[in-house]
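1. Need coordinates for the below:
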Amino acid sequence: PLRTQKLMPTRQPNQTRFPTPCSFVPPPKDKMSDTAAPTPASEEVAAEAAVAAEPVTNPSNIRCPHCNCKILSVGTASRVVLETTLPKAAQKADAGAEDLVTEVLEDFWTVSDVFTFDNVGVSRISDGKKFLACADCEIGPIGFQDLTPGGLFYIAHLRVKHE
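-> Predicted structure coming up:
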């Protein structure tokens, strides 16, 4: 049988095994107070950074405005701006496509998976979209599903309440 020999790295006698500690010394506190006062431009940048740092997920539960059924739980949806039209909720069932009253909406909550919803109903395909409604009271549409591959589910911010 062949014997294997364990090779150990060789070190020079004066070499240390670990790197030497960093020699950084922070400036004294009295030197730190000599910094320039914030300028209006730097305050603007800080304000913009604070706005950008705001959470983009829903901070509260998203509920049906009619029956108070929970549609999405806290932190499960992302907010996006997308201009699209949705049919208004209160219309005659026998209205044709030319009689359909629509509304332009721009602010939506999005989720990528239908199983993220606590409660939602999905309609048949109409105008290349599937419309979303409350599954309990069936009033809608409160949003739509994008049917492109990898499409998202969109809930209109103005068509739901947040609690």
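
2. any idea which helix or strand carries Cys67?
-> Following DSSP states H and E, there is no helix or strand that holds Cys67.

3. And the helices in the chain?
-> Secondary structure of the chain (DSSP state H): helices at 29-32, 40-52.

4. Which residues does Tyr154 form beta bridges with?
-> Beta-bridge pairing of Tyr154 under DSSP bridges involves Thr110, Phe144.

5. Tell me who's in contact with Thr57.
-> Val74, Gly75, Thr76, Ala77, Ser78, Arg79 (C-beta atoms under 8 Å, 6 or more residues apart in numbering). Where you see a C-beta, it was placed from the backbone N, CA and C, and this is true even at glycine.

6. Also Leu105?
-> Glu83, Thr84, Thr85, Leu86, Ala156, His157, Leu158, Arg159.

7. how near is it to Phe115?
-> 24 Å (C-beta to C-beta, to the nearest Å).

8. repeat for Gly140
-> 19 Å.

9. The two - which one has more neighbours?
-> Gly140 (23 against 5; other C-beta atoms under 10 Å).

10. Contacts only, for the nearest residue to the more buried one once chain neighbours are set aside.
-> Nearest non-adjacent residue to Gly140, counting by C-beta to C-beta, 6 or more residues apart in numbering: Ala133, 2.6 Å away. Shown in contact with Ala133 (C-beta under 8 Å, 6+ apart): Val120, Gly121, Val122, Ser123, Ile139, Gly140, Pro141, Ile142.

11. I figured Asp136 hits Asn68, correct?
-> No: Asp136 lies out of contact with Asn68 (C-beta atoms under 8 Å); the separation is 9.0 Å.

12. Mind checking which of these two has more residues around it?
-> A count of neighbours by other C-beta under 10 Å puts Asp136 above the other of Asp136 and Asn68, at 16 against 13.

13. which residues does that one contact?
-> Contacts for Asp136 were tallied using C-beta under 8 Å, 6+ apart; they are Cys64, Cys67, Cys69, Asn119.

14. Please list only the buried members of these.
-> Cys64 (16 or more other C-beta atoms under 10 Å).

15. can the contacts of Asp136 go into a markdown table with extra columns for distance to Leu100?
-> A markdown table is the format used below for the contacts of Asp136 (distance: C-beta to C-beta, whole Å):
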| residue | distance to Leu100 |
| --- | --- |
| Cys64 | 22 |
| Cys67 | 24 |
| Cys69 | 25 |
| Asn119 | 26 |
